[in-house]
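S.K.: Generate coordinates for the sequence data below:
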Amino acid sequence: MSSRELTPFSYVVLALVGEGGAGAHDLAASMRHGRPYWTDSPRHFYAEPKRLARLGYLSSRKEPGITRERTIYALTGQGRDALRDWIPLPSRFPRIQNEALARLVAGYLVDDQALLNSFAGLREDLESVRAGLVEAEAFAHTLPERERYLSLVHDLGRRLIEAMDEWLTEVEHEFGDTR
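M.R.: Numbering: from 1, shown residues only. As a prediction, this is how the structure comes out:
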């Protein structure tokens with residue numbers, strides 16, 4: 001990949017910055033609340049806006065922060081055009097990285113209890129993701145120009161969380177945990 005090339009993650013950053021602008025910290029916070037939809041290392045949410053600004057897709061300005069100056073990014077005309085060109089392209093089935101599935105595939109190597117124990121973190125994580133979604137839904141009301149779209153995004157998030165919760169209950173039942 002060329003360092004000038006836009007990646008799917010580049011478009012995520014451009015979309016999150018949007019017309020209202022955002023700092024890298026805001027983008028990383030959006031990622032934490034948006035875990036059902038996209039995951040990436042928080043450091044990428046700090047590096048990618050800088051790269052996009054160097055390429056002319058974002059502009060940047062400094063603003064006072066709580067403890068130090070922060071950089072706020074905004075779409076440029078080039079960034080807006082890139083999003084407008086990208087949005088009509090066909091969406092594909094999402095990439096899924098699910099450790100639980102890999103553990104199940106290799107589950108024959110351990111006893112059922114060990115496999116069940118490996119899913120305890122997923123059960124806890126579901127509650128954390130669910131709480132993040134509640135926060136994201138509340139935040140959506142502060143973005144009236146995006147609220148309609150975010151409502152649909154969060155509807156999918158609720159469905160994904162519910163599907164994972166139901167699936168996990170089935171797996172637990174299959175391996176003897178009767179929660």
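
S.K.: Flag every buried residue along the helix or strand of the chain with the lowest mean pLDDT.
M.R.: Ranked by mean pLDDT, DSSP states H and E, the helix or strand of the chain with the weakest confidence is helix 24-33, at a mean of 76. Across helix 24-33, burial judged by 16 or more other Cβ atoms under 10 Å covers 24, 26-31, 33. Placement of C-beta: from N, CA and C, glycine included.

S.K.: Likewise for stretch 125-138?
M.R.: Neighbour-count burial for stretch 125-138, counted by 16+ other Cβ under 10 Å, picks out 129, 132-133, 136-137.

S.K.: Those in strands, which ones?
M.R.: Taking DSSP state E, every one of those sits outside strands.

S.K.: Go through those and say which is closest to residue 153.
M.R.: Nearest to residue 153 among the buried residues of stretch 125-138, counting by Cβ to Cβ, is residue 136 at 8.5 Å.

S.K.: And the pLDDT at the closest one?
M.R.: Listed pLDDT for residue 136 reads 85.

S.K.: Likewise for residue 55?
M.R.: Note for residue 55: predicted pLDDT of 96.

S.K.: what's the spacing between the residue nearest to it when sequence neighbours are not counted and residue 11?
M.R.: The shortest distance from residue 55 to any non-neighbouring residue, by Cβ to Cβ, 6 or more residues apart in numbering, is to residue 4 (6.1 Å). Distance of residue 4 to residue 11, given as Cβ to Cβ, to the nearest Å: 15 Å.

S.K.: The two: who's more crowded?
M.R.: Per other Cβ atoms under 10 Å, whichever of residue 4 and residue 11 has more neighbours is residue 11, with 18 against 9.

S.K.: what's the more buried one sitting at in phi/psi?
M.R.: Here is the backbone geometry of residue 11 (degrees, to the nearest 10): phi -70, psi -30.

S.K.: same check, this time on residue 74
M.R.: With angles defined as degrees, to the nearest 10, residue 74 sits at phi -140, psi 150.

S.K.: residues touching it, list them.
M.R.: When contacts are counted by Cβ atoms under 8 Å, 6 or more residues apart in numbering, residue 74 is found next to 17, 19, 21, 58-61.

S.K.: Ok, residue 89 next?
M.R.: Contacts of residue 89 (Cβ under 8 Å, 6+ apart): none.

S.K.: From residue 5, how far off is it?
M.R.: For residue 89 relative to residue 5 (Cβ to Cβ), the value is 15 Å.
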